[in-house]
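*Asks:* My questions concern the predicted model and sequence given below.
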Amino acid sequence: MGKTAFVFPGQGAQSVGMGRDVYEAHDGARKLFEQANEALGFELSELIFNGPEDQLKLTVNTQPALLTTSCAYLHVLRESGITADYVAGHSLGEYSALVCAGVMSFQDAVRTVRLRGEFMEQAVPAGLGTMAAVLGAEREALANLCKTVSEEIGAVEMANVNCPGQIVVSGTVQGVQAIAERAKEIGAKRVVQLEVSGPFHSSLMRPAAEKLRSVLERTGMRDADIPVIANVTAEPVTSASEIRALLVEQVVSPVLWEDSVKRLVAEGVDTFVEIGSGSVLTGLIRKIDRSLNVYTVNSLESLRQAAESLRASSEA
């Protein structure tokens, strides 16, 4: 019997109305939305369910909104008896994974990601930094091009290594534009500009990382109940002190998603359950390894189907 990993999406997966069905149908899930409202001192649930979309898309709102939605579906999935051997999350999603692994309380995580969003928005003045997805390039060739462009034009770094042929770069507007202009030289098929408010997961985020460090030092954390695959290293961690240090580094380091999935497979995981809004990670995991079993839990209906299938396969 193969192992199971729960994985949690990051920024970009949000949509107005996400999680409403689980909020209306389950007391435990509703309580989480209410705890988030209380922790933040405003009606986050109202913004999640009714928008407006431009407000939900602001980093400071998106981060706690996605965390809350993921944790609400997780709560109900666990009530139906489904458990995981490992957890991982993409960028912001790592905080949902940490709640799942018992490292942070839900309310502490909500408060922390709200501040993380604020610090990320403040780190670089608007309009000076950006991100773009480079499609079809080899990783090493892109890393070398980033190095050259950073030295000649402006800082740009690999921010998300998502799956073969999909790597996001982040940095100064000039640096990212130069990558877009020169990506064909290294065999990239195209470059897609991302709608983001800053150069996330690049060294330009150092001011945000330092502010987050002082918040995390004051936040209670305990060792993980199940191993968490860290974005920064793509290695399993359980120690609270190590996790705390990696969360600071995560703000300025690339998200090694492809490596994380491959590491999970090496650990014996053959079943992945994406929990939260959208299905971005499901798509990436399938591009990394088509042989894996992947379930998406982003509605009550998909949760029921996933729970039935997972129970059936564990009994087989």
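*Replies:* Perfect, thanks for sending it.
*Asks:* Tell me which stretches of this structure form helices.
*Replies:* For the chain, the helices defined by DSSP state H cover 20-25, 27-40, 44-50, 53-56, 59-79, 93-100, 106-123, 139-152, 173-182, 206-217, 240-250, 257-266, 280-288, 300-315.
*Asks:* okay, these, which one's buried deepest?
*Replies:* Highest mean neighbour count of these: helix 93-100, a mean of 28 (counted as mean count of other CB atoms under 10 Å). Any C-beta I mention is one placed from the backbone N, CA and C, and that applies to glycine too.
*Asks:* How about residue 261: what's its closest non-neighbour residue?
*Replies:* residue 288 (4.8 Å; CB to CB, 6 or more residues apart in numbering).
*Asks:* Correct me if wrong: the one you found contacts residue 263.
*Replies:* No - assessed by CB atoms under 8 Å, residue 288 is found out of contact with residue 263, at 11.0 Å.
*Asks:* do you know which of the helices of the chain lies nearest residue 5?
*Replies:* helix 257-266 (5.0 Å; CB to CB).
*Asks:* Can you name every helix or strand that the closest one contacts?
*Replies:* Here helix 257-266 touches strand 86-89, strand 156-163, strand 228-229, helix 280-288, going by 3 or more CB pairs under 8 Å, 6 or more residues apart in numbering; DSSP states H and E.
*Asks:* what angle sits between that helix and helix 280-288?
*Replies:* 70 degrees (axes from the mean of the first three to the mean of the last three CA atoms, to 10 degrees).
*Asks:* what is the orientation angle of helix 257-266 with strand 156-163?
*Replies:* Here helix 257-266 runs at an angle of 40 degrees relative to strand 156-163 (the same axes, to 10 degrees).
*Asks:* pretty sure residue 25 contacts residue 300?
*Replies:* Yes - if you go by CB under 8 Å, residue 25 and residue 300 touch, sitting 5.9 Å apart.
*Asks:* What is the end-to-end distance of stretch 185-203?
*Replies:* This stretch, stretch 185-203, spans 25 Å end to end (CA to CA, to the nearest Å).
*Asks:* Mind checking the pLDDT average for it?
*Replies:* For stretch 185-203, mean pLDDT is 94.
*Asks:* Next: stretch 242-254.
*Replies:* On average, stretch 242-254 scores 98.
*Asks:* Could you list the domains of the protein?
*Replies:* Annotated domains of the chain cover 3-123+204-315, 136-196 [automatic domain parsing].
*Asks:* Quick one: these as CSV, columns for distance to residue 129 too.
*Replies:* Converted to CSV, the domains of the chain look like this (distance: least, CB to CB, whole Å):
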stretch, distance to residue 129
domain 3-123+204-315, 6
domain 136-196, 6
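*Asks:* Give me the pLDDT for the residue located most distally from the centre of the chain.
*Replies:* Note on the chain: the largest C-alpha distance from the chain mean falls to residue 316, namely 32.2 Å (CA atoms, centre = their mean). Turning to residue 316, the model gives it a pLDDT of 73.
*Asks:* next one: residue 1
*Replies:* 76.
*Asks:* What sits closest to it if chain neighbours are left out?
*Replies:* Nearest non-adjacent residue to residue 1, counting by CB to CB, 6+ apart: residue 314, 7.0 Å away.
*Asks:* Quick check: that neighbour touching residue 2?
*Replies:* No - at 10.2 Å, residue 314 and residue 2 do not qualify as touching, with contact defined as CB under 8 Å.
*Asks:* Overlap in contacts, these two.
*Replies:* Common neighbours of residue 314 and residue 2, using CB atoms under 8 Å, 6 or more residues apart in numbering, do not exist here.
*Asks:* How about residue 278: what's its closest non-neighbour residue?
*Replies:* residue 13 (3.7 Å).
*Asks:* What are the phi and psi values at that neighbour?
*Replies:* phi -90, psi -10 (degrees, to the nearest 10).
*Asks:* correct me, but residue 162 touches residue 254?
*Replies:* No - applying CB under 8 Å as the test, residue 162 and residue 254 come out as separate, 10.1 Å apart.
*Asks:* which residues do these two both contact?
*Replies:* With CB under 8 Å, 6+ apart, residue 162 and residue 254 have no common neighbours.
*Asks:* In contact with the nearest residue to residue 303 once chain neighbours are set aside, which residues?
*Replies:* The shortest distance from residue 303 to any non-neighbouring residue, by CB to CB, 6+ apart, is to residue 297 (4.7 Å). Residue 297 is in contact with 73, 77, 273, 274, 275, 276, 303, 306, counting by CB under 8 Å, 6+ apart.
*Asks:* Apply 7 Å and report the result again.
*Replies:* Counting by CB atoms under 7 Å, 6 or more residues apart in numbering, residue 297 makes contact with 73, 77, 273, 274, 275, 303, 306.
*Asks:* now residue 273
*Replies:* Taking CB under 7 Å, 6+ apart, one finds 4, 6, 295, 297, 306 in contact with residue 273.
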